[in-house]
Each structure stands twice: as C-alpha cells, then as structure tokens.
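Undergrad: the following block contains a protein sequence and its predicted model.
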2 protein chains.
Amino acid sequence: MHEEKHLKNSDFITDAVIGLSDGLTVPFALAAGLSAAVNSNAIIVTTGIAEIVAGSIAMGLGGYLAGKTEIEHYESELKREFEEVELLPEKEKEEVREIFADYSLSESSQTLIVEELAKDKVKWVGFMMKFELGLEKPDINRARNSALTIGIAYILGGLIPLLGYIFTNTPTEGLYSSTTLTIICLFVFGYFKSKVTGQPVIKGALKVTFIGAIAAAAAFFVAQLFS
Amino acid sequence: MHEEKHLKNSDFITDAVIGLSDGLTVPFALAAGLSAAVNSNAIIVTTGIAEIVAGSIAMGLGGYLAGKTEIEHYESELKREFEEVELLPEKEKEEVREIFADYSLSESSQTLIVEELAKDKVKWVGFMMKFELGLEKPDINRARNSALTIGIAYILGGLIPLLGYIFTNTPTEGLYSSTTLTIICLFVFGYFKSKVTGQPVIKGALKVTFIGAIAAAAAFFVAQLFS
C-alpha cells in the first residue's frame, strides 16, 4: 500500500512538471510573437488566455480520450489472443517458440517453455500480450488523472509568461519582463522535468529553455513579417 | 528491403495525419477565441501564424530532442546491463528467473532458460533490455523524420482554420467559415488518423472533431469574458 501511494505521488509530480514546462513554451512564444505585431498588452493577455484554454483542453481532453482508446485497444487485443489460444493453439505455440529462438534458445528448451506456459491459458495470454505484442494493461484512472494534472499544470505554466504583460504598460516592456521570467522558469522546470523523467538535469534544463527561446524568437520574427 | 520501404511510407503517413489533425485543433480554437475579442481579421491571422510557428517548433524540435534523449537513455541502460551481466551475473540470472516465475514456469525450466540465455551475453543483455526494462532500440532517423513530418503537417493543418479569416472581412464572418471548414477537416483527418493508428474510424473521427469543437467553444467564451 505504501509503495503504491509513493508511486502515485511520483506520477503526479512527473505530470505536473511536464505540464508546467510545456505550458510555458507555446504561450510564451505566442505572446512574444504578438508583441511584435500589436500595440496593446490587453490583446496579448487575452490571446494568451485563449491559447491556454485551447491548449489545455486539446492536451487534457486529448490525453484522456487517447487513454480510453488505448484501453479499448488493449481489450480487443486481449480478446483476440484468448480466441487464438483457444482456436489456433499450435500457431500461438509457434509464436512463443519464435520469441525464444530469437534469443538462441535450443529447440528442446523452446518446447519445454511452451508446454509449461500452455497449461495456464490466462498466464499464456498474459505472456503473449506482453512479449509478443509489447502491451501492458493500461490504467484508466491513471490516464484520467494524468490528463487532468497535465492540463491544469499547462494552465498554470502558461500564465507565467503572461504576467510580464499584465504588470507592464507596453508590449516591448512586457516582452522583456516576460522573457526574463519565462527563461528562468523554463530552466527551473526543465531541470525538474529532467530529474523526474531520469535525464541528465543540466542538459535537460538547457534543452527545455532552448526550445522555448527558439520558438519565441521564430514567432517574433514571423509575426513582425506578417504585421 | 521492400517491406522496410513499405513501413517507412506508412510511418510518414501516420505522422503526417497526426500532425494535420493536431495542427487543426489549437490554431482553430485560438482564432475562434480571438474572434470574440478583436475586430480585425488581420490580427487573428497574424496571431494564428505566430501560434503555428511556436507550436510547430515546440512540437517538432521537442519531438526531435525527446527522440535523442530516448536514445541516450537506451544506451546508458544498455551499458549498465552489460556491466551487471559482467559483474553480478547471479543477480541478473535471478531477475530472468523472476520474469518466468511470474508466468508460473517451474524452477527447473527457469534454470534451463537462464543457463542457455547466459551463454551469449549479447543476447542475454538484449533479453533483459526488452523483457525486464521494456526498452526497444530507438531509431534516431525515425525520431528526426517523425518530428519533421509532424511539425510540417502541423503548419499545414494550422493554416486551414486561418483561411476562413483570410477570405472574409469581419471576425464573425471569419468564425463561421473557419468553423465550417475546420469541422469538416477535423472529421476527415480524424477519420484517417484513426485508420492509420488502428482505431474504430467513425468514433475516432468524432473524438478528434469533438476535442476541436470543445476547445474552440471554450476559448471563445473565455476570450469574450476577458475582453
């Protein structure tokens, strides 16, 4: 029980950090782009909020529905494997043999494994799901919680770059404060994102910051071109 | 060779359809939101283009760097497994036994498998990578091509909702044409997205359309509130 609790907390932190660092990127870049094209901080803030709403729904709802689709896919494959084990046991046994032949196991070992595995159909199907198809049973609650956490964190992350435009009077001033604030936050959340996803932390933090900076610079120059 | 070619084309189509259908969603919703807040189609189009630039870079560059990170992760795990097999062979053998104990294989079979597997260290490590850690060797070209295709498709998909504002005179007219055009495209690309990712096609098409419509409606009402 304790371990499970621990894992759930860690999932929550991972999702929150991913949502925060991703949420910073696009609203930051969009606001930077707009600062080259309009002369009102109010329009930039309203646009930023519209993007945050659109992005968080696309990501949150999209993630939730993708999770449901994954479960349906798992269940239809599970049903098919049970049918195959029932109707074509020799074909399925051959597939188990092939998996082990790839690892140079002798034919006698292959036969031994296959015959022992075939004694328990539930275990056999479980084995085929994981080792033939590479599918693990997805957790619907996990998919829903994950989508919700990432979506909410995206909203919070997205509000940070907008602060620069809320507390200044012109788009240019807004751009300077938003960029300073967001670059710092991108680095910090990039650091934690790398930590929780098990990557080298400084390199990971620099990558996240780099993506945000490039996206913002590109949006700025393209918006300037089109305005 | 022929089969590989076939697979590569299919990856390309999958990525292109994913990028197109995702690219439609956020720019569509953002433009719909802005139509409630500003009275100039030019601002909506410029903003939409800035979002497309920001989003495609965040997604394309983000996807590419994530692909590179995945490869580094795979290689550091591979190195660690080789070290463990060298330095702690008994511990690794025990891990192989545990994998098969989970599928109710007898102890004598577990021992037989483990001893045969241990004869070839490269195969043994390959087995541990796949069956203990669930890691497959990632393909860097695939990651780069995939990021590029999704990024470019996102740009093309994102331009579709903007057409409605380019060829009309007021944000309200733009909203009507953009919504009509985008809803049709979301359904069509959602259909193909479901087809190439192996999901039920009509249900999948409706999901993609639904996410876009909800995101656009929410962005519209929130932007109206803040403007």
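TA: Good, I have the coordinates.
Undergrad: could you point out where chain A is predicted with low confidence?
TA: Counting by pLDDT under 70, chain A contains low-confidence ranges at A:1-9.
Undergrad: next one: phi and psi at residue A:167?
TA: Torsion angles at residue A:167 (phi, psi; degrees, to the nearest 10) stand at phi -100, psi 20.
Undergrad: what helix or strand does the residue lying closest to residue A:15 once chain neighbours are set aside sit in?
TA: Spatial nearest neighbour of residue A:15, chain neighbours left out: residue A:149 (3.9 Å); criterion: CB to CB, 6 or more residues apart in numbering or on different chains. (C-beta placed from N, C-alpha, C; glycine too.) Secondary structure assigned from DSSP states H and E places residue A:149 in helix A:140-166.
Undergrad: give me the buried positions along that helix.
TA: A:143, A:145-155, A:157-162, A:164-165 (16 or more other CB atoms under 10 Å in any protein chain shown).
Undergrad: which other helices and strands does it contact?
TA: helix A:2-35, helix A:41-87, helix A:171-196 (3 or more CB pairs under 8 Å, 6 or more residues apart in numbering or on different chains; DSSP states H and E).
Undergrad: distance check, the residue of chain A most remote from its centre against residue B:116.
TA: Centroid-distance maximum for chain A: residue A:108 at 43.3 Å, with CA atoms, centre = their mean. Per CB to CB, to the nearest Å, residue A:108 is found 10 Å from residue B:116.
Undergrad: helix, strand or coil: sort out residue A:105 for me.
TA: coil (DSSP: H, G, I helix; E, B strand; the rest coil).
Undergrad: typo on my end, it should be residue A:96
TA: Applying three-state DSSP: residue A:96 is helix.
Undergrad: go on, residue A:38?
TA: coil.
Undergrad: which ones are touching it?
TA: Neighbouring residues of residue A:38 by CB atoms under 8 Å, 6 or more residues apart in numbering or on different chains: A:44, A:171, A:227, B:43.
Undergrad: okay, now the domains of chain A?
TA: Domain assignment for chain A by automatic domain parsing gives A:10-68+A:144-226, A:73-131.
Undergrad: hey, which of those is tucked in deepest?
TA: For the domains of chain A, the largest average neighbour count (mean count of other CB atoms under 10 Å in any protein chain shown) is found in domain A:10-68+A:144-226, namely a mean of 21.
Undergrad: residue A:206 reaches residue A:190, doesn't it?
TA: Yes - if you go by CB atoms under 8 Å, residue A:206 and residue A:190 touch, sitting 7.2 Å apart.
Undergrad: nearest residue to residue A:127 other than its sequence neighbours?
TA: The shortest distance from residue A:127 to any non-neighbouring residue, by CB to CB, 6+ apart, is to residue B:103 (5.2 Å).
Undergrad: contacting residues around the one you found?
TA: By CB under 8 Å, 6+ apart, the neighbours of residue B:103 are A:117, A:120, A:123-124, A:126-127.
Undergrad: so what does it have for phi and psi?
TA: According to degrees, to the nearest 10, residue B:103 has phi -100, psi 20.
Undergrad: can you check residue A:36 too?
TA: When read as degrees, to the nearest 10, the backbone of residue A:36 gives phi -90, psi -10.
Undergrad: list the contacts of it.
TA: By CB under 8 Å, 6+ apart, the contact set of residue A:36 is A:171, A:220-221, A:223-224, A:227.
Undergrad: go on, residue A:45?
TA: Applying CB under 8 Å, 6+ apart, the residues near residue A:45 are A:162, A:165-166, B:226.
Undergrad: got the residues you listed as CSV, with distance to residue B:94 columns?
TA: CSV is the format used below for these (distance: CB to CB, whole Å):
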residue, distance to residue B:94
A:162, 54
A:165, 58
A:166, 58
B:226, 60
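Undergrad: between those, which is nearest residue A:212?
TA: Proximity of these to residue A:212 (CB to CB) peaks at residue A:162, which lies at 14.3 Å.
Undergrad: so residue A:205 versus residue A:79, what's the distance?
TA: From residue A:205 over to residue A:79 the distance is 45 Å, taken as CB to CB.
Undergrad: would you check that residue A:136 makes contact with residue A:130?
TA: Yes - contact status for residue A:136 versus residue A:130: in contact at 6.5 Å, counting by CB under 8 Å.
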